[in-house]
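# quick one, structure for this:
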Amino acid sequence: MIDLKRPTIADMPRIASLDELYSIAILLGQNVIGACERLKLDMEACRNGSTAQVFEDLADREIAHIHSIRKQAEDAGAKVGVDIDDRWLALDLGGDPAREITDNPYLMTPYRALRLAVINKERVFEILSALAAGQDDAVIRRHAEVLAQGQLSEIAQLRLRRRQASRSEIKTAIDRAGLDTPPAEMAKFNRTVQTVHAIIRTMTLIVRDSWTSEMTGETERILQGLLEDFRDFPNELVADEDRAALEARVKQTNDNLFSALKTLLRELESAADLFLSYAESGCSEDVIHAAQTKAERYVRRIARIRDELNLRASEHSP
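All right, here's what the predicted structure looks like:
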């Protein structure tokens, strides 16, 4: 059951100094470390050594990231560990998706562990981005933006690890499309983008057309936004496959809208992972830049779907 009174980003107080900003950033990181350490102990109790090691690695990685934030604060002349509003202490990072993943520790795998890590880091990114967007002080806003950008770098690395782990656990339509080889030139990259967009667009159409009766106005707006985001390329880049062939490839077996949205979310995550792997490959500067841009856009689209899933889950909680 979701506690609807739990504070959200919109409930958070404005911050008035760099001391508060960096203290909050470190607190968020410490929350991530605490969750990893608890889950490591759970994995050890379940005799799941491989996943316990993943959580230990994630905690060590976050400790190193906090050291980096402390250095940034020192360079900015900011103090850390100052008193902050109690609402920051109660802010839930992972939300319902994180609780869903950790529901049964005996089912935890390296892939699910890394997926949980991505969800938590994306939540930290959202919080820091919201702080930057709502900040009137230009200095505090600039530092918040830098901290948020640092989270995107962490997310990129975690998604690459998760993509590697996913190959032994689950295959999305994008995974099955045979796109793993990084393109060396923009023409091939654009064709790959078109294939990915066609898969996501077709899946979005299937969700929209199959579950119209269950949709709220907000769900319709989110799906329409996806259709606009993943619109078809010019005719010379359109794939040979028609919609019927694509529908056969991405055919869903979901029996309700909630499950269908979760499947769509997984495809978006797979797309982000794919383009991050391209950015990591270093084939050409043009491809690297384009792949990074695509991946960052997808992180924001993923957040919209996840917010909608959280809302729908809360509406159906007892």
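# every contact and neighbour count from this point should use C-alpha atoms.
Noted.
# what about G178, neighbour count?
By the criterion of other Cα atoms under 10 Å, G178 has 9 neighbours.
# now the helices for the stretch 201-318 of the chain?
217-229, 243-249, 257-281, 285-315 (DSSP state H, counting those that start in this stretch).
# quick one, which of those gets closest to G81.
Of all the helices of the stretch 201-318 of the chain, helix 285-315 sits nearest to G81, with 29.3 Å by Cα to Cα.
# now that closest one: average pLDDT?
For helix 285-315, mean pLDDT is 74.
# now swap in stretch 14-22 and tell me
Rounded mean pLDDT across stretch 14-22 is 89.
# of the helices of the stretch 201-318 of the chain, flag the one that's most buried.
helix 257-281 (a mean of 22; mean count of other Cα atoms under 10 Å).
# contacts for that one next, please.
156, 159-160, 162-163, 172-175, 180, 182-183, 196, 200, 203-204, 207, 211, 214-215, 252, 254, 287-289, 291-292, 294-296, 298-299, 301-302, 305-306, 309, 312 (Cα atoms under 8 Å, 6 or more residues apart in numbering).
# next one: it to chain centre, how far?
9 Å (Cα atoms, centre = their mean, to the nearest Å).
# give me the angle between it and helix 217-229.
30 degrees (axes from the mean of the first three to the mean of the last three Cα atoms, to 10 degrees).
# thinking again about what came up before, got the helices of the stretch 201-318 of the chain as CSV, with distance to I119 columns?
Shown next, in CSV, are these (distance: least, Cα to Cα, whole Å):
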stretch, distance to I119
helix 217-229, 19
helix 243-249, 27
helix 257-281, 11
helix 285-315, 9
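# of those helices, which is nearest E56?
helix 257-281 (22.4 Å).
# between the helices of the stretch 201-318 of the chain, which gets nearest to A113?
helix 257-281 (14.8 Å).
# which helix or strand in the protein has the lowest average pLDDT?
helix 243-249 (a mean of 58; mean pLDDT, DSSP states H and E).
# mind pulling up the phi and psi values for D85?
The phi/psi pair for D85 (degrees, to the nearest 10) reads phi -60, psi 140.
# and it, how far from H143?
19 Å (Cα to Cα, to the nearest Å).
# looking at those two, which one has more neighbours?
Taking other Cα under 10 Å, D85 and H143 do not tie; H143 has more neighbours (19 against 13).
# domain parsing for the chain?
14-166, 177-315 (automatic domain parsing).
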